[in-house]
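Peer 1: Here is my input, please return the structure:
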Amino acid sequence: MADTDAHSLDVHQWIAQFALAFERSDVTSACALFAKHGAWRDVLAFTWTIRTFEGRNAIAALLDARLANTAPYNWTVEAKPEATEGWLHFETSMGTCKGYLRLENGKALTLFTALQDLRDYEEPSGKRRPSGLYDDQDTRNWLDRRQNEQIRLGQEKQPYVLIVGGGQGGLALGARLKVNGVPALIVDRHDHPGDQWRSRYNSLTLHDPVWYDHMPYIPFPDSWPIYTPKDKLGDFLEAYAKIMELNIWNSTEFTAASYDDDRKHWEVTVLRDGKPTKLQPAHIVMAVGNAGFPRKPDFVGASDFAGEQYHSSEYTSGEGFVGKKVVVIGANNSAHDICADLVEHGIQPTMIQRSSTLVLRGSTNSKMARPLYSEEAVEQGLTTERADFLNASMPMRMSEQVQKQIWTQVAEADADFYASLTQAGFQLDFGEDGTGLFMKYLRTASGYYIDVGASAMVADGRIALKSGIGVERIDKNALVLSDGSEIPADVIIYATGFGSMEQWVKRLISPDVADKIGPCWGYGSGAAGDPGPWEGEIRNMWKPTAQEGLWFHGGNLQQSRFYSHYLGLQLKARFANLEIEVHDQ
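Peer 2: Below you'll find the model as predicted:
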């Protein structure tokens, strides 16, 4: 088909031709329906992994390898006549799927496809929900069954999946697996679900709006505040774990694991209430966030400092620092939040900004999220699930292009705000290539602050600032900066971030396994902290890794909600012993 033949195609016509090409196993015609620079992002439907294919040659290679086994059929479209984008529904040999298509001059600019349910193993929710009545096989009431399950799991019955970490990621995945009948156990070192949030600094609230942050199955109430206080979130997560009947061992530390290649399971040791316990799960999911261990610079003279030193992860409140000279090293989210809390306690902290920071006003962040995640979007019928799908439907390279345009507009709209910061000496950036906060987050999960009040304190001097300068050494009662100046200090707080996720694997499993799986997070953009080669998907997250039976699940609440569905499907398929062929693993 010549390029000019497709200029008038709408979504309905495009899908008709696409489906016809599949019926005829005509890969050439199917690929000709894509723009030369078009991209196809697939989540499990064709690949059993998460992959983006850029350009016709890559798409042809995908179809050559997977079309016969996938056998897609029954394509339908949700779109108005003559529409150039719309929702798709189709089926494959494995189950039901959804998609989203965008056309440019009658060709596919982006195609997103994702498996939704496994055939014969559909999620028992909605119209398929269980009755809750007694049956002939089990006449015990719900409480007896629940208590029996908790007693047996990890003792008489091994979990099929062991989830390490009971934060929002671990709980979201645990809920998906619970609903789908996959035996799973969550282990977490904290005493109660939600303690991960309760233990953080007192002033912390979520920086994303509530519509972005819902948990699967149980959204926040309509009266929930736009920005959730951390203790309120902790209480919600504890209630969530109970309502979803999740099996959690709190006060439990994951200490060691090794994979038995012959038996296809892990040999795991955990300390439960200080006592060693052995587990043999088929799969381990590291749900420990999207970072590793606290990162604390080893400055010359730090051991001789007479005052107190803390990492930001240890900070709770400025109440104990009243009357002291406090220096905060760092200028990202935690540094700003901690400095703002210190100001609220009558302290003027000094923030040391060693490199530039991307700052986004909280109100602008909400405005940017509004088309998908807002009360207006809800009123227009855009459910959380559909918003998530649209959010995921844009391939990474095109997201970079879109974000660069958006951030050009942000810089213009908020020029006065940014001028107030630069006049105070604060060093700003919008990402080294101008692609903004979201791409920074996906690349390194660092280097930014969503302003919920601290920027005004920097601008008016309530937070003292030393920017574009490093720490030469630490003396007994002061920090000596690289320009020779000194800052007297009684307290140093290192808001210097965290290492990478694979640190957990290196410590808890082995350095060899950590080397085998490679880096977690980032997508090979080539930006600082995210070296190439280009992958176009977040590395090792929510999909099979080079180590059999080892998975990673993490990110913010939106990512935990969305990708828990697809990680749950992968684990369910393996639990059901379905034939799975991961494309080009």
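Peer 1: Contacts for stretch 143-155, please.
Peer 2: D138, R140, P159, P183, L185, E245, N247, W249, T277, L279 (Cβ atoms under 8 Å, 6 or more residues apart in numbering). For glycine as for every other residue, the C-beta is placed from the backbone atoms N, C-alpha and C.
Peer 1: and that stretch, which residues are buried?
Peer 2: The neighbour-count check on stretch 143-155 (16 or more other Cβ atoms under 10 Å) flags L153, G154 as buried.
Peer 1: Show the average pLDDT along the helix or strand that contains R41.
Peer 2: Here R41 sits within strand 34-43, counting by DSSP states H and E. Mean pLDDT, taken over the full extent of strand 34-43, equals 97.
Peer 1: Adjacent strands (with direction) for that strand?
Peer 2: Strand pairing for strand 34-43, using DSSP bridges, gives strand 50-54 (antiparallel), strand 107-118 (parallel).
Peer 1: Residues touching it, excluding its own?
Peer 2: 50-56, 59, 62, 104-105, 107-115, 392-393, 395, 397-398, 566.
Peer 1: mind running it again at 7 Å?
Peer 2: 50-56, 59, 104, 107-115, 395, 397-398, 566 (Cβ atoms under 7 Å, 6 or more residues apart in numbering).
Peer 1: related to what we said a few turns ago, using PyMOL, define a selection of the buried residues within the contacts of stretch 143-155.
Peer 2: Buried residues within the contacts of stretch 143-155, by 16+ other Cβ under 10 Å, are selected in PyMOL with:
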select buried, resi 159+183+185+247+249+277+279
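Peer 1: Out of the contacts of stretch 143-155, which one has the lowest pLDDT?
Peer 2: Out of those, that is D138, at 64.
Peer 1: starting at the chain centroid, how far to stretch 221-234?
Peer 2: Its chain's C-alpha centre lies 19 Å from the corresponding centre of stretch 221-234 when counted by Cα atoms, centre = their mean, to the nearest Å.
Peer 1: sorry, back to before: now that we have the strands paired with strand 34-43, can you turn them into TSV and tack on distance to V322 and mean neighbour count?
Peer 2: Below are the strands paired with strand 34-43 laid out as TSV (distance: least, Cβ to Cβ, whole Å; neighbours: other Cβ atoms under 10 Å):
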stretch	distance to V322	mean neighbour count
strand 50-54	49	22
strand 107-118	53	21
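Peer 1: Of all these, which one comes closest to F90?
Peer 2: strand 107-118 (7.9 Å; Cβ to Cβ).
Peer 1: Between all of the contacts of stretch 143-155, which two are separated the most?
Peer 2: Of all pairs in those, the most separated under Cβ to Cβ is D138 and T277 at 27.2 Å.
Peer 1: which stretch among the strands paired with strand 34-43 comes nearest V210?
Peer 2: It's strand 107-118; of those, that one is closest to V210 (Cβ to Cβ) at 24.7 Å.
Peer 1: Please identify the helix or strand for A419.
Peer 2: Here A419 is assigned to helix 415-423, by DSSP H and E.
Peer 1: ok, which stretches of the stretch 1-150 of the chain are strands?
Peer 2: Remark: strands assigned in the stretch 1-150 of the chain by DSSP state E, counting those that start in this stretch are 34-43, 50-54, 73-78, 85-91, 95-104, 107-118.
Peer 1: Same list (those strands) but as a markdown table, adding distance to K543.
Peer 2: Compiled in a markdown table, the strands of the stretch 1-150 of the chain are given as follows (distance: least, Cβ to Cβ, whole Å):
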| stretch | distance to K543 |
| --- | --- |
| strand 34-43 | 9 |
| strand 50-54 | 5 |
| strand 73-78 | 25 |
| strand 85-91 | 21 |
| strand 95-104 | 17 |
| strand 107-118 | 12 |
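Peer 1: which stretch among these comes nearest V268?
Peer 2: Across the strands of the stretch 1-150 of the chain, closest to V268 is strand 50-54 (Cβ to Cβ), at 26.1 Å.
Peer 1: May I have the closest one as CSV, with CA atoms only?
Peer 2: Only the C-alpha atoms of strand 50-54 are listed here, as CSV (Å, rounded to 0.1, in the frame of the first residue of the first chain):
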residue,chain,number,x,y,z
ILE,A,50,6.6,-4.6,28.1
ARG,A,51,8.2,-3.4,24.9
THR,A,52,8.0,-0.6,22.4
PHE,A,53,8.7,-1.1,18.8
GLU,A,54,9.8,2.0,16.8
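Peer 1: ok, so what distance separates S29 from R152?
Peer 2: 55 Å (Cβ to Cβ, to the nearest Å).
Peer 1: Actually, R145.
Peer 2: 11 Å.
Peer 1: ok, now W266?
Peer 2: W266 is 19 Å from R152, by Cβ to Cβ.
Peer 1: coming back round to it: mind checking the strands paired with strand 34-43 for the one nearest to R443?
Peer 2: Using Cβ to Cβ, these put strand 50-54 closest to R443, at 15.7 Å.
Peer 1: pLDDT on that closest one, on average?
Peer 2: 98.
Peer 1: Show me how far that strand is from its chain's centre.
Peer 2: On Cα atoms, centre = their mean, the centre of strand 50-54 falls 18 Å from the chain's centre.
Peer 1: Just the residues contacting that strand, thanks.
Peer 2: Contacts for strand 50-54 (Cβ under 7 Å, 6+ apart): 39-43, 59, 62, 395-397, 536-537, 542-543, 583.
Peer 1: Over to stretch 501-521?
Peer 2: 254-257, 286, 288, 290-293, 445, 500, 538-541, 545-547, 550, 552, 554.
Peer 1: name the element L173 belongs to?
Peer 2: Element membership for L173 (DSSP H and E) is helix 168-179.
Peer 1: Which strands or helices does that helix pack on?
Peer 2: In terms of contacts (3 or more Cβ pairs under 7 Å, 6 or more residues apart in numbering; DSSP states H and E), helix 168-179 is packed against strand 161-164, strand 184-187, helix 230-243, helix 557-575.
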